[in-house]
Each structure stands twice: as C-alpha cells, then as structure tokens.
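Peer 1: got a sequence here, can you model it:
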Amino acid sequence: MALAALLLAGGVAAQTSVDRAFVSVTLAPGTSLGERVGWLTQRRQLDVFLSLPPLFLDGTRLILAPTVTYGSRVLSVEGSGLRAEDASDYRLHHVQLGLSLIRPLPPKWLFILSTSASARSDFRDGFKPGEDLTWTGVALASYSLDAERSVKLNFGLVAVYPYDLLPVIPLVGLVYRKGPFIAEVGFPRVHLLRRLGEGLEAGITGSFERQTFHTSLSQARDALGAHYVQETTFRVGHALNVRLAGELWLNTSAGLIVANGFTLLDRERERIGGMDLGAAASPFARVDLSWRPAPRVPAAVCPAPPGDAMDGAASRLGEPRVR
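Peer 2: Have a look, this model is predicted:
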C-alpha cells in the first residue's frame, strides 16, 4: 500500500516506501538563471504527504487506500525585468488526491491500480480545471522474491494526461530490505541506506523530478504566449535518519542539485524556443518528520490466529472492515 501511495505522490518524495506520512522542508541557496533572467536568490519547498486509513471491502480481498498530498515552493529572482510580485516570493502550489485499489495474491504477488488528480498552479486566477488539473493512472505488479517479502521486484505502467513528453511511462524497481541494508533502486528515485543500530540509518539518495505548473506570469504570457512553467530537477545527496520515538523518524539529507531547469510552455504545453533556463548546480538541505510503521510479517511466515483472513488483516492494521 505504501508503494502505491508513493507512486501517486508526484513530486513529493519520501525517503523510503515504508514512510506512510511525512512533512518535509527543503532549502537551497541562490543560483544563476543566466544573464537574461537574473539570479535565483532563494528556493524554499514544503511537502506534506498522508496515506489515509485503508478500507477493506467486505467479501473480497480488495483494499482501497486514499492519499492526500500538498506541496508549495517559493522562488525569488533578482536582476530581472519581472514585476515585483512575480520576482519576489513567487509561490507555486501542488495539491493531489489519490486512490489505490490493491489486490494481494498470496504468497508472492500484489497488484495495484491507482488514479490521482493533481492541481499544480500559482492559483492567482483561481482554480481552472482545464488548465490546472493533471490526471495520472498507475498499473503496478509487485513480486516477492523471498518468503519474508523483504526482496521485491516491481514493474508496471504510468499513464499521464495531459502529458509533456510521453503519455505512458514504464515503471521498474527493486526493493531490498534484509539485515542492515535498505535499497530501493528504480526510476525516478534511488535510496541506498544502512542501519547502524535500531534507530539510526545512513546512506545516499537520488531523485529525478519533473513538474509542470500553470502560471499567471502576465509579462511572459503577453510577450511569449507562456502559460506553464516546467521544472526539472535531479538531486543526489547523503542521508542520515534518526528514530525519535516509536514509529516517528527524523530524516535529513544534504547534497547537490546537479540539474535544475525551468522551461516555459505555451497553452498546448509545447516548449517555447529559447526559453530553457538552466540553473547552475547548487547545494540543498532537506529535513522531514515521517511516520514509518514497522513492516508487517506475512501470514506465511507468522500464521494468523483462526478466523476470517480479512478480519485478521483488518485487525492487524487497526481498521474496521467495510460492511
């Protein structure tokens, strides 16, 4: 369920697929956007992700898992011809609602169908469904390579509308959680961590993100016909995570934004020639507070008490079945 939730989280990136909820703050110092635009003086980013309580459908092995995501970023530019309200503390927002339909097929398989609606905009002109909304669908299969489900192979497809590059994107990934090692390798994120005791983890992390925001930059719209800003980011860094209490973790990372580009798009989401703004590489720091429930031991390894199987699953998760 956590895997499906994180696939639908868009630009919001938990450090591992076990994190079921988190609040994250990311800071990056100034960097150049080129002589024509000026100096990007600050970047502040807030991300909130919550996987809501799942619903167990009566008489089936199907599970519904809703998610909620919110993100905001603040950008400021100096030495540009932008209006003051566009150059200083310019805010972009990301709101997303997701719903996953999960079908376990013991002992090895898990199938997931997910859909989400995302609004990415500065919302200065209010909410415009036709321009602000993006729809995403995910079809995913997860295959456990061992009885403990600590090594998993994931593969599937993601469909996006409207799309910027490709309408359908393949997904593939490997999750390895054995002994002191945690490895989640795939696209668009990689996490390699090592446990140093019960409450400490250290390692490296990397992520690729691309988000398209509907904007109301009147100067760019009048002069160039720009209606959207597309941000592409590639980050690598060190990670250090500390357990605060129980299932509450403080996760930190610091590293380098290797690539950070901004592109202006027209009403049809086509690139406007000559308006690819590549920001110079710069450091970043991220701190987040996350809720990370302990992985559940499968029934094949730890048999459930007598009774209905779905009632047992519901009680382990602390959720009532839907009657």
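
Peer 1: point out where this protein drops to low pLDDT.
Peer 2: For the chain, the stretches flagged by pLDDT under 70 are 1-13, 32-39, 42, 79-87, 274-276, 278, 295-323.

Peer 1: now the helices for it?
Peer 2: Ranges of helices in the chain, per DSSP state H, are 2-7, 84-87, 129-132, 218-224, 309-317.

Peer 1: elements contacting the third one?
Peer 2: Think helix 129-132. strand 109-121 (3 or more Cβ pairs under 8 Å, 6 or more residues apart in numbering; DSSP states H and E). No exception for glycine: its C-beta is placed from N, CA and C like everyone else's.

Peer 1: which parts of the strand it packs on are buried?
Peer 2: 110-114, 116-121 (16 or more other Cβ atoms under 10 Å).

Peer 1: any idea which of those is closest to residue 175?
Peer 2: Taking Cβ to Cβ as the measure, residue 175 lies nearest residue 110 of the buried residues of strand 109-121, at 11.5 Å.

Peer 1: sorry, back to before: in TSV, list the buried residues of strand 109-121 along with distance to residue 40.
Peer 2: Below are the buried residues of strand 109-121 laid out as TSV (distance: Cβ to Cβ, whole Å):
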residue	distance to residue 40
110	42
111	43
112	38
113	39
114	34
116	29
117	30
118	24
119	24
120	19
121	20
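
Peer 1: does residue 241 really touch residue 205, like I thought?
Peer 2: No. Using Cβ atoms under 8 Å, residue 241 makes no contact with residue 205, being 10.1 Å away.

Peer 1: need the residues touching each of the two.
Peer 2: By Cβ atoms under 8 Å, 6 or more residues apart in numbering, residue 241 and residue 205 have these common neighbours: residue 15.

Peer 1: distance across stretch 219-237, terminal residue to terminal residue?
Peer 2: Distance between the boundary residues of stretch 219-237 (Cα to Cα, to the nearest Å) amounts to 36 Å.

Peer 1: which other residues reach it?
Peer 2: So stretch 219-237 is contacted by 81-83, 86, 92, 131, 164, 204-215, 217, 253-267, 269, 272, 275, 284, 286 (Cβ under 8 Å, 6+ apart).

Peer 1: buried ones in it?
Peer 2: 220, 226-235, 237.

Peer 1: adding distance to residue 188, write these out as CSV.
Peer 2: Shown next, in CSV, are these (distance: Cβ to Cβ, whole Å):
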residue, distance to residue 188
220, 28
226, 25
227, 25
228, 20
229, 19
230, 15
231, 14
232, 11
233, 10
234, 9
235, 11
237, 15
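
Peer 1: how about stretch 71-81: buried residues?
Peer 2: Buried, per 16+ other Cβ under 10 Å, within stretch 71-81: 71, 73, 75-77.

Peer 1: out of the residues you listed, who's nearest residue 200?
Peer 2: Of all the buried residues of stretch 71-81, residue 200 sits closest to residue 71, with 28.0 Å by Cβ to Cβ.

Peer 1: and for the closest residue to the closest one other than its chain neighbours, the neighbour number?
Peer 2: Among residues not flanking residue 71 along the chain, residue 94 sits closest, at 3.9 Å (Cβ to Cβ, 6 or more residues apart in numbering). Residue 94: 22 surrounding residues under other Cβ atoms under 10 Å.

Peer 1: residue 94 bridge partners, please.
Peer 2: residue 71, residue 120 (DSSP bridges).

Peer 1: would you agree it is in contact with residue 72?
Peer 2: Yes. Contact criterion Cβ under 8 Å: residue 94 and residue 72 qualify, at 7.2 Å.

Peer 1: would you mind measuring from residue 265 to residue 272?
Peer 2: Residue 265 is 7 Å from residue 272, where distance means Cβ to Cβ, to the nearest Å.

Peer 1: who has more neighbours out of these two?
Peer 2: Set residue 265 next to residue 272 and count neighbours by other Cβ under 10 Å: residue 265 wins out with 21 against 16.

Peer 1: my guess is that one contacts residue 217, does it?
Peer 2: No. Applying Cβ under 8 Å as the test, residue 265 and residue 217 come out as separate, 11.7 Å apart.

Peer 1: which residues touch residue 123?
Peer 2: Each residue near residue 123 by Cβ under 8 Å, 6+ apart is listed here: 93, 132.

Peer 1: let's see it at 10 Å
Peer 2: By Cβ atoms under 10 Å, 6 or more residues apart in numbering, the residues touching residue 123 are 91-93, 95, 132, 213-216.

Peer 1: next: residue 284.
Peer 2: Counting by Cβ under 10 Å, 6+ apart, residue 284 touches 26-29, 43, 45, 233, 235-237, 253-257, 260.

Peer 1: in strands only, show me the buried residues of stretch 71-81.
Peer 2: In strands, defined here by DSSP state E, the members of those are 71, 73, 75-77.
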